[in-house]
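[1] Any chance you could fold what I've pasted below:
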Amino acid sequence: MQKRQVYNPFLPLNVCIPDGEPHLFDGRVYLYGSHDREGGWTFCMEDYEVWSAPEEDLSDWRCEGTIYRASQDPMYPNMKYMYAPDVVQGNDGRYYLYYCMSGDYGVGGYRCPISVAVCDTPAGKYEYLGHVQNPDGSLMMRYVCFDPAVLNDDGVIRLYYGTQYGFEEDHPGEDWVWETEQDMFGRTKEELMSYPDSINGPVMAVLEDDMLTVKEPARHIIPYKVKGTSFEEHPFFEASSMRKVGEKYYFVYSSWQNHELCYATSDYPDRDFTFGGTIVSNGDVGLGGRKLEEKLNMTGTTHGSIISLAGQWYVFFHRLTHKSDYSRQACAEKIKIAPDGSIKQVELTSCGLNDGPLRGEGSYPAVICCNLTNGRMPHGCNSIYPIAFPNVTHRASAGPEGTEAVSCDVDEEAVDRFIGEIEDGTLIGYKYFDCKGLTEIGVTVRYETPENLVTYSGPARIDERSAEELKSYGKPADTDEPQDATGDEGFFDVSTAIDGPVIARIGIADNDDPFAWETCTGMIEEGALPDGVYAFFFRYHGKRKIQMKDILFQ
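    The predicted structure is shown next:
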């Protein structure tokens, strides 16, 4: 029997677990993260759900169920959503969940304390324990309590957190800076000015064994002012995560670039960190010198960490779907830590956690693409884009348009997940497949029509940072004039490298039923594909947009 395969995203396609913190407990890896709603309209709309897998078989993920609900926190419902969490085993053997609450679109998320819940098992039913507090019992609100991460460092409980904006360094002393920060962080000007460096930046506090009380107050682990330092090009933004590798501390974080996970190293847990580099970008930006405008996906918020499983190192992160920041899916890639401690940036792949390349046979969901671009993909900025561009999406197999979440009582067979709004010139990439005797390659597709077009019907959300991107795209998708149901039929050119020679052409057949999927294939040119491991890139050409559900190898 052939071993089961696993691909990116590695959880079921309707599951959105971003901000992943993987931890190994008793031979199983547990993925703790936020919980987005498929097709949702803001961050982290669902309660915490944990998935786990045996360390020795990362294809065998199972759902551990809902471990904690937002309604268990006393700040609910004033703050409805639980943001990026982390879990650590305390010195008493129990498991402690750290998180922060927030409102719609993150409003109020910089003003909340750090909450803690506890459980006797890694993925059981957690119970609210309290808020991180000062020794006198008052709420600990030192610096900005956001994106907590926790490390049990040989019995010392270290709590990392923070966010960072460049206002104070770029515009020192200007009144609007203090006004902006007062509004963002809910602090007085006097309090903001009382910090010796800044309220911004990543910090670390040490906790007592009760896992709540501060033993050593928070302090910066990296100076806030980054100009002239190794962090100048990739300053800390959010998503603190700490790992200890041997005697070295690896601080993993999301940079101001907002599409990459970076790392820094030190011999100490709380100081002297030196920037190491980028581990992964969800647009493959920086890889081989690729510039931001050349990104190979819609980019946006990322959060994750690194872990060693069965002797192999991995980085866990997330990708964006549904043309927004609010439907993020867990992905992972193999990484290497070199003898000198460095980590080279890894490329995005479709095989991810798989034990080697995927088999070049049978069919795969089209949405496992690792690259999806029309050459001008936007960057997500706490928004849902109303513009048309290729995207991973879902809808009912037939019937009214929409991307409403699929409830537990809906038959998953009645839901299609596919790439929509594929336009002329769109590139769709998959890496890697082990091919033997492959002679034919195919796709399951249909032309996009007013009847099957996925139309978002939830609350509108365009962050001011996204407004400039909209100008270059023209009219929103829902106001585009309907496409003509007739016209030249499209086709895919298939290659094994971006802009590589064409090895097959797949013509796209027409169909009168807008909800019917058609399988179309093309013969691989003789001698063009000797047995071996390959990437596959599908470049679409055609006047009419299409949707793509599967890729096939024969």
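
[2] longest helix in the chain, by residue count?
    Longest helix of the chain, by residue count under DSSP state H: helix 175-185.

[3] Beyond that helix, next helix or strand please.
    helix 189-194 (DSSP states H and E).

[4] buried sites along that following helix?
    Leu192 (16 or more other Cβ atoms under 10 Å). Every C-beta, even on glycine, is put in place using the N, C-alpha and C of the backbone.

[5] Give me the distance from it to the chain's centre.
    34 Å (Cα atoms, centre = their mean, to the nearest Å).

[6] Over to stretch 228-236?
    On Cα atoms, centre = their mean, the centre of stretch 228-236 falls 23 Å from the chain's centre.

[7] same deal with stretch 22-33?
    18 Å.

[8] can you check stretch 247-266 too?
    15 Å.

[9] Please spell out which residues along it are buried.
    Quick answer for stretch 247-266 (16+ other Cβ under 10 Å): 249-266.

[10] Tell me which of these fall in strands.
    249-255, 260-266 (DSSP state E).

[11] In CSV: those residues, plus pLDDT and distance to Ser327.
    Shown next, in CSV, are these (pLDDT from 0 to 100; distance: Cβ to Cβ, whole Å):
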residue, pLDDT, distance to Ser327
Tyr249, 98, 33
Tyr250, 99, 29
Phe251, 98, 28
Val252, 98, 23
Tyr253, 98, 23
Ser254, 98, 18
Ser255, 98, 23
Glu260, 98, 20
Leu261, 98, 19
Cys262, 98, 24
Tyr263, 98, 27
Ala264, 98, 30
Thr265, 98, 33
Ser266, 98, 35
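
[12] What is the nearest of those to Lys295?
    Glu260 (10.8 Å; Cβ to Cβ).

[13] partners of that closest one in the sheet?
    Under DSSP bridges, the beta-bridge partners of Glu260 are Ser281.

[14] can you pull the contacts of it?
    His234, Ser254, Thr278, Ile279, Val280, Ser281, Asn282, Val285, Gly286, Thr302 (Cβ atoms under 8 Å, 6 or more residues apart in numbering).

[15] ranges for the strands of the stretch 201-350 of the chain?
    203-207, 214-220, 236-245, 248-255, 260-266, 274-281, 305-309, 312-320, 328-335 (DSSP state E, counting those that start in this stretch).

[16] angle of the fifth one against strand 274-281?
    So the one you mean is strand 260-266. 150 degrees (axes from the mean of the first three to the mean of the last three Cα atoms, to 10 degrees).

[17] in the protein, which residue is closest to the centre?
    His318 (2.0 Å; Cα atoms, centre = their mean).

[18] of all the ones in strands among the buried residues of stretch 247-266, which comes closest to Met523?
    Glu260 (39.8 Å).

[19] Relative to Ser241, how far out is the closest one?
    Applying Cβ to Cβ, to the nearest Å, the value for Glu260 to Ser241 is 14 Å.

[20] go on, Asn200?
    Distance from Asn200 to Ser241, by Cβ to Cβ: 18 Å.

[21] Could you do Ser34 as well?
    Applying Cβ to Cβ to Ser34 and Ser241 gives a distance of 14 Å.

[22] between those two, which one's more packed in?
    More crowded of Ser34 and Ser241, by other Cβ atoms under 10 Å: Ser241, with 28 against 24.

[23] ok, the more buried one touching Val252?
    Yes - judged on Cβ atoms under 8 Å, Ser241 makes contact with Val252 at a distance of 4.2 Å.

[24] quick one: common contacting residues for these two?
    Gly304, Ser305.

[25] got the CA positions of the lowest-mean-pLDDT helix or strand in the chain in CSV?
    Lowest by mean pLDDT, DSSP states H and E among the helices and strands of the chain is helix 464-471, with a mean of 78. C-alpha atoms of helix 464-471 as CSV (Å, rounded to 0.1, in the frame of the first residue of the first chain):
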residue,chain,number,x,y,z
GLU,A,464,-6.7,52.9,3.6
ARG,A,465,-3.4,51.1,2.8
SER,A,466,-5.3,49.1,0.1
ALA,A,467,-6.9,52.1,-1.5
GLU,A,468,-3.9,52.8,-3.8
GLU,A,469,-3.9,49.2,-5.0
LEU,A,470,-7.5,49.5,-6.2
LYS,A,471,-6.7,52.4,-8.5
